[in-house]
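Undergrad: okay, sequence plus prediction incoming.
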Amino acid sequence: MAKHGKKYTAAAAKVDIDKVYSSREAVALAKETSITKFDSTVEVHMRTTLDSRQADQQLRDVVVLPHGLGKTVRVLVFAQGEGAAAARAGGAELVADDDETLKKIEGGMLDFDVAIATPDAMGKVGRLGRVLGPRGLMPNPKAGTVVSAQDMERAIKEAKAGRVEFRLDKSNNIHVSIGKASFSADHLYENYVALMDAINKARPSGAKGNFIKRVTIATTMGPGVKADPNEHVQGAG
C-alpha cells in the first residue's frame, strides 16, 4: 500500500470512509481536505451501471456550470471566412483558418483548452483526429463544439464561462471537474447540482433504475469523499 504524507493522513482522518455523505456535506468536506499548495481542482467521479458498448446506454453531453471552472479557458476555432471573422469577434484566442496553423496543430501545438469548428471546416479537422481525439479536444456536435458562424459568439462565451463536457468512459465511469478548492462550498455545491441535473437530462434510454451506482468527490491529491448517489437522480426504480 502506498505511503501517504502527513498532510494527506491528517486530511483523510476527517473523512469517514464508511459513510455516504449528503452531496452538500461531501462537497464541503472535499474542499476542506484539499492539501495542495496550489489551488486544487474539485473532481466528481461516478461509477455507473451503464454499458458503454450498448448503443442505447451511451452518455455524452455538456453542462454550463453556473460558477464556471475557475480557470481561463483558451479557445481555438477552426473556420473560414464568416466563421473565422465571428470567432475573432467572439474572443477566440486562436483561429485556424489556414493550412499553416493546421500543420502546427498536427505537429502537437496544443496551447488551447477547447476547440470549436464550423461544419464546413470539419473535413480539415478530421485529419487532426489522432492529435485532438485522445486529448478530448475534437469538435463534436453533441458537445456543442460544431456550430454555425451565427452561433459562434455564443459557443465561445459558453466555453469560457465553464461549459463542461461529460461522457461515459470505457470503464463505464464519468469523471468531471466542478471548480476549484478556493470556491465557496455553496458555489461548488451549485455547480455539482447543475452537473447532476444535466446527467439526469442526458439519461440514456437503456438505463435501468438509478444508473449512478457510486459518487466520490475529491480534490487533486486529496482524499475521496462518498456522496449519496440517489440524492439528485430522478427516474430511479
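TA: Perfect, thanks for sending it. Residues are numbered from 1 along each chain as shown.

Undergrad: from here on, just use CA atoms for contacts and neighbour counts.
TA: Noted.

Undergrad: buried sites along the lengthiest helix in the chain?
TA: Criterion DSSP state H: the longest helix present in the chain is helix 185-201. Using 16 or more other C-alpha atoms under 10 Å as the test for burial, helix 185-201 gives 185, 187-200.

Undergrad: in the next helix or strand after it, what counts as buried?
TA: On the C-terminal side of helix 185-201, the nearest following helix or strand under DSSP states H and E is strand 212-219. By neighbour count with 16+ other C-alpha under 10 Å, strand 212-219 contains the buried residues 212, 214, 215, 216, 217, 218, 219.

Undergrad: got it, and stretch 106-118?
TA: Neighbour-count burial for stretch 106-118 flags 106, 110, 114, 115, 116, 117, 118 (criterion: 16+ other C-alpha under 10 Å).

Undergrad: ok, now stretch 9-16?
TA: Buried residues in stretch 9-16, counting neighbours by 16+ other C-alpha under 10 Å, are found at 11, 12, 15.

Undergrad: check contacts around the first one.
TA: For residue 11, the residues meeting the contact criterion (C-alpha atoms under 8 Å, 6 or more residues apart in numbering) are 33, 34, 35, 222, 223.

Undergrad: what about the last one, which SS state?
TA: At residue 223 the chain is in coil, as set by DSSP: H, G, I helix; E, B strand; the rest coil.

Undergrad: wait, it sits on residue 33?
TA: Yes - between residue 223 and residue 33 there is a contact under C-alpha atoms under 8 Å: 7.1 Å.

Undergrad: between the two, which contacts overlap?
TA: Counting by C-alpha under 8 Å, 6+ apart, the residues touching both residue 223 and residue 33 are 11, 12.

Undergrad: the bottom helix or strand of the protein by mean pLDDT?
TA: None of the helices or strands of the chain scores lower by mean pLDDT, DSSP states H and E than helix 6-12, at a mean of 85.

Undergrad: next one: that one to chain centre, how far?
TA: Helix 6-12 sits 27 Å away from the centroid of its parent chain (C-alpha atoms, centre = their mean, to the nearest Å).

Undergrad: any weak-confidence spans in this protein?
TA: In the predicted model, the chain carries pLDDT under 70 at residues 1-3, 233-237.

Undergrad: which residue ranges form the strands in it?
TA: 41-48, 60-64, 75-78, 94-96, 114-117, 163-167, 173-180, 212-219, 225-227 (DSSP state E).

Undergrad: neighbours around the closest residue to residue 185 other than its chain neighbours, how many?
TA: Of all residues not flanking residue 185 in the chain, residue 28 sits nearest, at 5.2 Å (C-alpha to C-alpha, 6 or more residues apart in numbering). Residue 28 sits with 18 neighbouring residues when counted by other C-alpha atoms under 10 Å.

Undergrad: let's number from 29 now, not from 1
TA: All right, first residue 29 from here; so that's residue 56.
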